[in-house]
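K.L.:
one predicted model, sequence on top.
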Amino acid sequence: MYGDEPYAREVGHVGEVAGVATSAGVIEEGHDVPSDVLTSAVHWLRKGGLSLVDALNSCRRMALEGAAYCCNEGCEVVGLLKEFKVCPLCKTARYCGAACQKQDWTTGGHKEKCGTFAAGL
């Protein structure tokens with residue numbers, strides 16, 4: 001998504017593309033994501049055939065109500081993203097608690113993946 005900068009510049013301002021109300025080139029509602037990143041996101045959502053409004057509403061719903069962010073397969077804990085602890089090695093996997101992290105490390109396959117993420121491969 002981030003590597004497609006020429007397309008992001010070609011599309012123009014994300015507010016115009018997504019139909020979001022803007023004021024002086026800044027997206028309202030207090031978002032602080034750079035517009036070029038949002039423009040790329042708009043591009044990839046469209047490329048995937050997704051409705052921009054539906055995707056935004058889904059993200060807002062997840063941010064307000066929470067979601068199942070735990071990487072341990074089978075875990076059904078729902079919460080806000082900030083409530084889930086990040087793996088200290090790879091910084092990509094999230095867990096609802098130490099028990100899920102330990103289980104995913106030993107039986108879920110995270111041990112093998114984690115070194116790859118940490119090395120940046």
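P.N.:
Yep, that arrived. Numbering: from 1, shown residues only.
K.L.:
just the strands in this structure please.
P.N.:
Ranges of strands in the chain, per DSSP state E, are 22-23, 26-27, 85-86, 94-95.
K.L.:
for residue 64, see how far away residue 74 is.
P.N.:
Using C-beta to C-beta, to the nearest Å, residue 74 is found at 25 Å from residue 64. Every C-beta, even on glycine, is put in place using the N, C-alpha and C of the backbone.
K.L.:
who's in contact with the closest residue to residue 76 other than its chain neighbours?
P.N.:
Of all residues not flanking residue 76 in the chain, residue 68 sits nearest, at 6.0 Å (C-beta to C-beta, 6 or more residues apart in numbering). Shown in contact with residue 68 (C-beta atoms under 8 Å, 6 or more residues apart in numbering): 75-78.
K.L.:
repeat that with 10 Å
P.N.:
62, 75-79, 84, 96 (C-beta atoms under 10 Å, 6 or more residues apart in numbering).
K.L.:
likewise for residue 71?
P.N.:
84, 86-87, 92-96, 100-101, 104, 108, 110, 113.
K.L.:
tabulate those residues (TSV), appending distance to residue 58.
P.N.:
Shown next, in TSV, are the contacts of residue 71 (distance: C-beta to C-beta, whole Å):
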residue	distance to residue 58
84	18
86	22
87	25
92	21
93	22
94	18
95	23
96	21
100	24
101	26
104	25
108	26
110	26
113	26
